[in-house]
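Engineer: Below are the sequence and a predicted model for it; my questions follow.
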Amino acid sequence: MVMVGVIASVFLLTISGLLLASAVLASHRARTAADLAALSAAGVLMLGEPVSAACESAVQVAAMKHGRLVQCMAKGTEVLLTVAVAAGVKGVGVATARSRAGPDTGRGFAPLRNGPEG
């Protein structure tokens, strides 16, 4: 009977580890997709293209990284966007990440905050 308890505990720990790994992987993918999409959109803005073209570029890059563009805002040649990526395991949820790209002119968006401490 003790052996069944030990096996069940090891099984539960393994499943918990897999769920955690899936969430962490989704978080990393969301950050990568957001960064690359922001760089792509800022590059399009730097070429003088309209905001719609920049956000469309971000949509395409995010999709290539298995993400979905949730928000895209541009001001001058600076872009701020949010990307969501679903976790690989059903029921774990969706990871989101924000990114900003473009030249630092001092007149763009306010700095992004990553948490309560800034």
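Structural biologist: Yep, it's here.

Engineer: What's the first helix or strand after the longest helix along the chain?
Structural biologist: Counting residues, the longest helix found in the chain (DSSP state H) is helix 2-46. For helix 2-46, the following helix or strand on the C-terminal side (DSSP states H and E) is helix 51-64.

Engineer: Quick one: mean pLDDT for the longest helix of the chain?
Structural biologist: The average pLDDT within helix 2-46 is 92.

Engineer: Point out the other helices and strands that it packs with.
Structural biologist: helix 51-64, strand 68-75, strand 78-86, strand 94-101 (3 or more C-beta pairs under 8 Å, 6 or more residues apart in numbering; DSSP states H and E). Heads up, the C-betas are built off the backbone N, CA and C, glycines and all.

Engineer: Of the ones you listed, give the one that comes closest to residue 38.
Structural biologist: strand 94-101 (3.8 Å; C-beta to C-beta).

Engineer: Relative to that closest one, what are the paired strands and their orientations?
Structural biologist: The strands that strand 94-101 pairs with in its sheet are strand 78-86 (antiparallel) (by DSSP bridges).

Engineer: Need the pLDDT of residue 105.
Structural biologist: 66.

Engineer: ok, now which ones touch the spatially most central residue of the chain?
Structural biologist: Nearest residue to the geometric centre of the chain (C-alpha atoms, centre = their mean): residue 30, 2.4 Å. By C-beta atoms under 8 Å, 6 or more residues apart in numbering, residue 30 lies in contact with 67, 83, 84, 85, 95, 96, 97.

Engineer: The second one: neighbouring residues, count only.
Structural biologist: Which is residue 83. 32 (other C-beta atoms under 10 Å).

Engineer: Residue 46 now?
Structural biologist: 15.

Engineer: Report pLDDT for residue 89.
Structural biologist: 76.

Engineer: How much space separates residue 48 from residue 54?
Structural biologist: 10 Å (C-beta to C-beta, to the nearest Å).
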